[in-house]
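**Q** Okay, structure incoming, though there's no sequence with it:
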């Protein structure tokens, strides 16, 4: 069979929902402060009070972004870790 033969028979099936079907919400994020760097992360996925950019190691600032809603069980872990006092 040649590469072009049967191309009309090939189909792609995915179980992922299309992005346009996912509901969005205004989400707290950390944005990189370095000009030209587009690094950012969701606030709920950061364990540091003020994280550094994973791409360029610059400081980050709080910001907001319209993103698809994610159900994050790590936010409970983050809250629990912040409430733990270190042992002397």
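**A** All right, it came through fine. As the structure is a prediction and not an experimental result, all values here were calculated from the model.
**Q** Can you report phi and psi for residue 44?
**A** phi -70, psi -10 (degrees, to the nearest 10).
**Q** can you check residue 43 too?
**A** According to degrees, to the nearest 10, residue 43 has phi -60, psi -40.
**Q** Same check on residue 45?
**A** The phi and psi torsions at residue 45 (degrees, to the nearest 10) take the values phi -100, psi 10.
**Q** For it, grab the count of nearby residues.
**A** Neighbour count of residue 45, defined by other Cβ atoms under 10 Å: 14. For the C-beta atoms, the positions are set from N, CA and C on the backbone; glycine is no exception.
**Q** who touches the helix or strand hosting residue 65?
**A** Residue 65 is located in strand 60-68, with elements delineated by DSSP states H and E. With contacts defined as Cβ atoms under 8 Å, 6 or more residues apart in numbering, strand 60-68 is touched by 19, 22-33, 39-43, 50-53.
**Q** Now the buried members of the residues you listed.
**A** If you count burial by 16 or more other Cβ atoms under 10 Å, the buried members of these come out as 27, 29-32, 39-40, 42-43, 51, 53.
**Q** Can you add pLDDT, distance to residue 59 and secondary structure and give those residues back as a markdown table?
**A** Output for those, formatted as a markdown table (pLDDT from 0 to 100; distance: Cβ to Cβ, whole Å; DSSP: H, G, I helix; E, B strand; the rest coil):
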| residue | pLDDT | distance to residue 59 | secondary structure |
| --- | --- | --- | --- |
| 27 | 94 | 20 | strand |
| 29 | 95 | 14 | strand |
| 30 | 95 | 9 | strand |
| 31 | 96 | 10 | strand |
| 32 | 96 | 8 | strand |
| 39 | 95 | 11 | coil |
| 40 | 95 | 13 | strand |
| 42 | 93 | 17 | strand |
| 43 | 91 | 15 | helix |
| 51 | 93 | 9 | coil |
| 53 | 94 | 8 | coil |
